[in-house]
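S.K.: Next input, structure requested:
(chains A and B)
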Amino acid sequence: MDFVAAIKSDALNIKKRTPVEPDFWVLIFGDLTVFSVLFIAFMLRRFESAETHTVFSMGTESLNQSIGLINTLVLLTSSYAVVLALSYYRSGDLNKMIKFTCFAIFCGLGFVCLKIFEYIEKINQGITVTADRFFELYFTFTGIHLLHVLIGISLLTIVAYRMSLKKPDAFTTPGFVEGVTCYWHMVDLLWLILFALFYLLG
Amino acid sequence: MDYIQTPILASQKMITKTHRFENAEYAIYSTAFMVFCTVLGLFIVAPMFPPFGQASASAETIATFYQEGNLSKKIGLCIMMFGTPFIIPLFALLGEIIRRPMNMPILGSVQYGSGLFGILFTFIMTVCWGTAAFRPERTHDVTQALHDMGWLFATWVASATLLQAICICIAVFKDTSEVPIFPRWFGYYCAWMIVLAFPACLINIFHTGPFAYDGLLGFWLPYIALFSWFGVSMVCVWRVVKKLNMDH
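M.R.: Numbering: from 1, shown residues only, chains lettered A, B, ... in the order given. Alright, predicted model coming up:
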C-alpha cells in the first residue's frame, strides 16, 4: 500500500514539469543530434554522384521491405505498450504496468530476432558490411540502432523485474520509469527515420 | 594530563579537512596545458589532425605526407608527447572527488585507472607517428603501417574512455544526496559520450565512409565529443571544488 501510495503521490504531481528531469534531455538531444548528423551524411553520400545514387537505389530494392514494415509496426506497438504501462504506473495499477512492460520487451525481442534474420539473410547472399557503399551504411547504422534497442530492452527488463519485487528502490522511481519510456520512444523515432531512409527511399 | 584530545572530534575534524581540495586549480591549468599542447602539436605544427582521406590513401601518399614538412611533424609530435601526461591531475582530482565526498572509492579508482590506461593509448599513438616521421625515406609500406597503427591507437582509446565515462556516469547517478556533488546533466553527458564512443571502435573494418578513421563516426564525432568533454569536465570539476571548499 505504502509503495503504491508513494508512487501515486509522486507520479501524479506531473503538472507543468519536464518529464524525468531537465538534465536527462542532454542525453536524448545529444543522441538525436548524433543521429541527425548520420542521416545528413547518408543523404550527402546518396546524392554524391549518379553512380552512388544507383548503388543506393539498388541496395534499397534488395532489402526485404516486408520485414522492415513488420519491424516498424512491432516497434510502434511496443511504444504504445510503454505508454500504457506508464499510465498504469501513474494510476498505481502495477500488475497491468508490469504486463504491458513485458509486452513491450517481447516486441523489442521480436524486433531483434527479425533484424538478426535479415542480417543472416544478407550474409548468406554474400552481402556483408564491406559489400558496397549502401550496405556499409545499412549494417552500421542499423547496428548502432540495434545496440540502442538492446540497451532499451535491458532497461525495460530492469523496470519490470524491480516492479515485480514490489519494493521501492532507485529503479522504481517515476524518474527512472519515465526516463526508460522516453528512451524507448527515442529508439522508436530513430527506427522510423532509418526505415524511411533505407527501405523506402527508392 | 593537561590536554585530552577527544578522538571523535579529532576524526570529525579530519573528515572535514579531507573534503577540502587545496590548490585544485593547478589540475585545471594542467589540463588546459595538455589541450594547448595537443592543439598546438597535432593541429598546427604537425597537421596530423584532421586526417583527410588518409584511410583510403595509397602507401606512397602517406609516405609523401611524412616527407613533406618532416621537421615540423617531428617537432609537433614532440610537443604532443610532452603535453600528453598533463591530464593526469584532472583524472586524479575527479577520482578523489568520487572517492571522498561522494564516498565511492572503487568507482573513483577505476575511473583514475582507466584514465591512465587511455593516456597510454594516446602516448603510443604519438610514438607510432613519431617512428613513421623518424625515417621518412624508408619503404612506403612500413610508413603506412605505422601511420595506420597510430590511428588505431588514437581511436581505440575509446576502450578506456568508455569505462571511464561509465564510472563517472554511475557515480553521478548514485549520488542521491539533497545537493548532489556533480550536476546530473554531467552524468547524462557522459552517457552520451558512451554512445558516441561505440561506433568509433569499428574503424579497423572500413577504408572509406563514415566509419573509416578519417570519417564522420571514426574521427569527427568522437573527437568533437572528446575535446568538448575536456572542457565540460574542467568546468564541472572546478565548480565542484569551489563548492566543496566553500562548504568547509
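
S.K.: which residues of chain A score low on pLDDT?
M.R.: By pLDDT under 70, the low-scoring segments of chain A are A:1-2, A:6-16, A:202.

S.K.: how about a cut-off of 80?
M.R.: Applying pLDDT under 80 to chain A flags residues A:1-20, A:128-131, A:170, A:201-202.

S.K.: The longest helix anywhere in chain B packs against which elements?
M.R.: Longest helix in chain B, counting residues (DSSP state H): helix B:105-134. Helices and strands touching helix B:105-134, by 3 or more C-beta pairs under 8 Å, 6 or more residues apart in numbering or on different chains; DSSP states H and E, are helix B:70-83, helix B:88-99, helix B:140-155, helix B:158-174. For every residue, glycine as well, the C-beta is placed using N, CA and C.

S.K.: can the ones you listed go into JSON lines with extra columns for mean pLDDT?
M.R.: Below are the helices and strands packed on helix B:105-134 laid out as JSON lines (pLDDT from 0 to 100):
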{"stretch": "helix B:70-83", "mean pLDDT": "91"}
{"stretch": "helix B:88-99", "mean pLDDT": "92"}
{"stretch": "helix B:140-155", "mean pLDDT": "91"}
{"stretch": "helix B:158-174", "mean pLDDT": "90"}
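
S.K.: Tell me which of those helices lies nearest to chain A.
M.R.: Closest to chain A of the helices and strands packed on helix B:105-134 is helix B:158-174 (C-beta to the nearest C-beta; 8.1 Å).

S.K.: and the closest one, which residues are buried?
M.R.: Within helix B:158-174, the residues scored as buried using 16 or more other C-beta atoms under 10 Å in any protein chain shown are B:158, B:160-174.

S.K.: and the residue nearest to residue B:151 when sequence neighbours are not counted, helix, strand or coil?
M.R.: Spatial nearest neighbour of residue B:151, chain neighbours left out: residue B:213 (4.4 Å); criterion: C-beta to C-beta, 6 or more residues apart in numbering or on different chains. Of the three states, residue B:213 takes coil under DSSP: H, G, I helix; E, B strand; the rest coil.

S.K.: and the angle from the longest helix of chain B to helix B:140-155?
M.R.: Helix B:105-134 runs at 160 degrees relative to helix B:140-155, counting by axes from the mean of the first three to the mean of the last three C-alpha atoms, to 10 degrees.

S.K.: now helix B:105-134, how far from the centre of its chain.
M.R.: 8 Å (C-alpha atoms, centre = their mean, to the nearest Å).

S.K.: Same question for stretch A:76-89.
M.R.: The answer for stretch A:76-89 is 13 Å, by C-alpha atoms, centre = their mean.

S.K.: Now do it: everything it contacts.
M.R.: A:7, A:11, A:94, A:96-98, A:100-101, A:103-104, A:106-108, A:111, A:156, A:174, A:177-178, A:180-181, A:184-185, A:188 (C-beta atoms under 8 Å, 6 or more residues apart in numbering or on different chains).

S.K.: Chain B contacts on chain A?
M.R.: Chain A comes close to chain B at residues A:21-27, A:30-31, A:34, A:37-38, A:41, A:45, A:129-130, A:133, A:136-137, A:140, A:144, A:147-148, A:170, as judged by C-beta under 8 Å from any C-beta of the partner chain.

S.K.: Of the residues you listed, which belong to helices?
M.R.: Reading helices off the residues of chain A next to chain B with DSSP H, I get A:25-27, A:30-31, A:34, A:37-38, A:41, A:45, A:133, A:136-137, A:140, A:144, A:147-148.

S.K.: of these, buried ones?
M.R.: For those, a burial check counting by 16+ other C-beta under 10 Å picks out A:25-27, A:30-31, A:34, A:37-38, A:41, A:45, A:133, A:136-137, A:140, A:144, A:148.
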